[in-house]
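**Student:** Pasting the sequence and the predicted model now:
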Amino acid sequence: MPSELDKQKLLSLMEIYKRHLEKELGAKFEKSAPQPTTREYQEFKAEFLPKHMSLYEKLCNLSEKILRIKPGQQRANELQEAIDIIHLKITPSGAVSFSFLLPSVIAIFIPLLAYLIFQSTFFVFLFLIGALVMIRPCGKIPEFLANNWRLKASNQMVLCVFYTVTYMRHTSNLENAIEFASQHLSPPLSLDLKKVLWDVETEKYSSVKESLDMYLETWKKWNLEFIEAFHLIESSLYEGDESRRLNALDKSLDVILDETYEKMLHYTHNLQNPITMLHMLGIILPILGLVILPLVVSFMEEVQWYHLAVIYNVILTVVVYYLGKNILSKRPTGYGDTDIAEENPELKKYRNLIIRIGNQELQVTPMIISIFVGVLFFLIGLSPLIFHALGIPDFGIGGDDLTSSCKQKYCFLEYRGDSLNRGPYGLGAALASLFIPLSFGLAIGLYYRLKSKNIIKIREKAKQLELEFASALFQLGNRLGDNLPVEIAVGKVADIMEGTVSGSFFQLVSLNIRRLGMSIDKAIFDPMHGALVSFPSNLIESSMKVLTQAIKKGPLIAAQALTNVARYIKEIHKVNERLKDLMADIISSMHSQIKFLTPAIAGVVIGITSMITTILGKLSTSLQQVTSNVGGEGAAAPTGILGLFGEGIPTYYFQLIVGIYVVQITFILTVIANGVENGSDKLNERYQLGNNLIRSTLLYVFISGSVMLLFNIIAGRILVATVG
């Protein structure tokens, strides 16, 4: 009787033949090997998969039970490929069912709710059209998530090959090399590599090589250089000559570095048109179009301010975000730093604002500060509406003016109009409205800045160490090559590089060895006193792991290993700098849009709009007085002219639309600029969001307020000179 192990091997062999037949004959078999269900893998997956993906998983499975829609075979294969990439336990049928069920629920309930609230058919048609448009994007969610997964994973591919090659130079074992790489990479690529190993442990595949080859197939459409690099690594296992084996490993790193540079070069050249379109569609045309919109509202009273809000703050924002995501989805393999606080729990406290009181540390979460600032400024921005609701009399400054509601030249509220455009037209209300975009910009900006400021400083310190580390490794390799014990060699390197970050690192290692009596392994990796606690970096950690493992084979082997690691680090850094040089023009252009052009143009537009609204309002009031003083047939002409002028949109509401749009577009452009430059680097993205939102919002508020005051003074003098 065949044993259980023999049965498993037979099943595995059958699966291999099925795949070969599918490839050769185009035949389709019903089901692939089952997903691994080991408890450890499930726990690992649950720990690293984002929460929104598990929510989507539950919604798809629920939708399949309520409304089961089966896609065509070709579409099902495309969805299954995306589902496999992101490790979700759903079926293509569940994904398609969700894409129809969610829009159906929205189309039934939301338009009714919108009609009850707004009493307007505009929102009913808007939500109905929106629900229909949602069907296709919802159906593409697995592919969208897979693209995000690929973007994050592709950013780690050069380092993945680096870690694998670094390990295999001194120990020719593919399984251990993949495990070594998975330990030093962050998700999602680490999850992919761990799944390669789990698939072997659960006997889905009979060997690591077979499991790895099947995983590499998923990258065939996007990253051929990654596949080629790993095939060279695999080929080194079969080389009998040591020099040929090492050449194959070196060649694998050269392949992915050269191909990365070439693909990024093409990406940069092809990026000019999409970025220009994004700039025109997202910034220039919308903001310049706002100049004419107040006049449209003045002469077409059926157009209300909330129509503009929906167009700008919802529809246009979604379109710009979608275009930006399309640009990022085409980004090839590159480099991306990780959030070191995610990998090192000891650093998570630095996400808070730390206040030292004596020997005690008080940790304040940035959320509390940002909410306090946001609510305070938001209430100030709402003060004109609150004053009006409470019945507080209007007040103003600037001298007597009997035609205004407050009997002053410049009123705070100046409520007029009888439609939904009814609102505060006063200069004071317009200036107070600037606090609402300020509340959003400062609150979100402070949250991201305070949350990332301390962590980014620690990472920059570690990156500075990485820049010097190649030279330090050369020095250490030379000392070991002189047959010095590693404990003495570390101290000599610390003395040679005194005053540098690398010197501080090796000085700390040397002190741990001499004063605390630690071994070289504990002096570096000890969780309490190890040198890596002060210098968190995967690159440095992996280099030191190579040192501690290679030193067991002797100082000369360790010297050779460190010399090669140093060379690899220098090559990676050189290509990375060339990539930054390629991106320099595009990134500087995007940063100028974010930091100056967008808030400056929007601020000037608000000033012009305020002036136009003031002039039209005063002219309307003056014409009303003229018509009231003219009787009989003479009143016909002025009354006809008066009919041309509506009340227009209050500057208060108009500024809210533009101000919030500036905050939104700054947020989106920052995410896109960071994605183009750094790939999926969430820590740097948060830090840039904090800086850009605070600076851009403050600049916009300053320019808007200054231009509004200046133009209203000019408009007042013009009206006094012409109307009297």
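**Tutor:** Received, thanks. Predicted, not measured: the structure shown is a model, and the values here were computed from it.

**Student:** in the chain, what secondary structure element scores lowest on mean pLDDT?
**Tutor:** When the helices and strands of the chain are scored by mean pLDDT, DSSP states H and E, helix 636-644 comes last with a mean of 47.

**Student:** Check the average confidence over the next helix or strand along the chain from it, would you?
**Tutor:** Per DSSP states H and E, helix 636-644 leads on to helix 651-678 as the next helix or strand towards the C-terminus. Mean per-residue pLDDT for helix 651-678: 89.

**Student:** How about stretch 145-155?
**Tutor:** For stretch 145-155, mean pLDDT rounds to 77.

**Student:** swap in stretch 265-279?
**Tutor:** pLDDT averaged over stretch 265-279 gives 79.

**Student:** Can you tell me what sits against it?
**Tutor:** 320, 323-324, 326-327, 330-332, 582-583, 586, 589-590, 593, 672, 676 (C-beta atoms under 8 Å, 6 or more residues apart in numbering). (Glycine included, C-beta is placed from N, CA and C.)

**Student:** okay, who's weakest in those by pLDDT?
**Tutor:** The lowest pLDDT within the contacts of stretch 265-279 belongs to P332, with 68.

**Student:** Beyond the lengthiest helix in the chain, next helix or strand please.
**Tutor:** Counting by DSSP state H, the longest helix found in the chain is helix 435-481. Next in sequence after helix 435-481, counting helices and strands by DSSP H and E, comes helix 486-496.

**Student:** Mind listing what's buried along that next one?
**Tutor:** Within helix 486-496, the residues that count as buried by 16 or more other C-beta atoms under 10 Å are V486, A489, V490, G491, K492, V493, A494, I496.

**Student:** before we move on, what about stretch 196-207?
**Tutor:** When burial is assessed from 16+ other C-beta under 10 Å, stretch 196-207 yields the following buried residues: V196, L197, W198, D199, V200, T202, K204, Y205.

**Student:** For it, measure first residue to last.
**Tutor:** Terminal residues of stretch 196-207 are spaced 10 Å apart (C-alpha to C-alpha, to the nearest Å).

**Student:** From the contacts of stretch 265-279, list just the buried residues.
**Tutor:** Buried subset of those (neighbour count, 16+ other C-beta under 10 Å): 320, 323-324, 327, 331-332, 582-583, 586, 589-590, 593, 672, 676.

**Student:** Out of those residues, which is nearest to V701?
**Tutor:** Set against V701, the nearest of the buried ones among the contacts of stretch 265-279 by C-beta to C-beta is Q593 (18.1 Å).

**Student:** any idea which of the contacts of stretch 265-279 is the one closest to R244?
**Tutor:** Distances from R244 to the contacts of stretch 265-279, taken as C-beta to C-beta, are shortest for P332 (30.2 Å).

**Student:** Show me what counts as buried in whichever strand or helix holds A566.
**Tutor:** Per DSSP H and E, A566 falls inside helix 555-592. Of the residues in helix 555-592, those buried by neighbour count under the rule 16+ other C-beta under 10 Å are 555, 557-572, 575-576, 579, 582-583, 586-587, 589-591.

**Student:** How many residues are close by the closest residue to P437 other than its chain neighbours?
**Tutor:** Closest residue to P437 apart from its sequence neighbours, by C-beta to C-beta, 6 or more residues apart in numbering: G659 at 2.9 Å. When neighbours are defined as other C-beta atoms under 10 Å, G659 has 28 of them.

**Student:** how close does G659 sit to V255?
**Tutor:** Distance of G659 to V255, given as C-beta to C-beta, to the nearest Å: 50 Å.

**Student:** Now distance to I311 and pLDDT too, for the buried residues of helix 486-496, in CSV please.
**Tutor:** As requested, the buried residues of helix 486-496 are exported to CSV (distance: C-beta to C-beta, whole Å; pLDDT from 0 to 100):
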residue, distance to I311, pLDDT
V486, 67, 85
A489, 67, 88
V490, 64, 88
G491, 68, 88
K492, 68, 88
V493, 63, 87
A494, 63, 87
I496, 64, 87
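
**Student:** between these, which is closest to L431?
**Tutor:** Nearest to L431 among these, counting by C-beta to C-beta, is A494 at 59.9 Å.

**Student:** residues contacting that closest one?
**Tutor:** G503, F506, Q507, V509, S510.

**Student:** Run a quick check on the last one versus V490, I expect a contact.
**Tutor:** Put plainly, it is S510. Yes. S510 is within contact range of V490, at 5.2 Å (criterion: C-beta atoms under 8 Å).

**Student:** just to revisit the earlier point, the helix holding A566 packs against which elements?
**Tutor:** Judged by 3 or more C-beta pairs under 8 Å, 6 or more residues apart in numbering; DSSP states H and E, the packing partners of helix 555-592 are helix 157-170, helix 242-270, helix 272-279, helix 435-481, helix 486-496, helix 538-550, helix 651-678.
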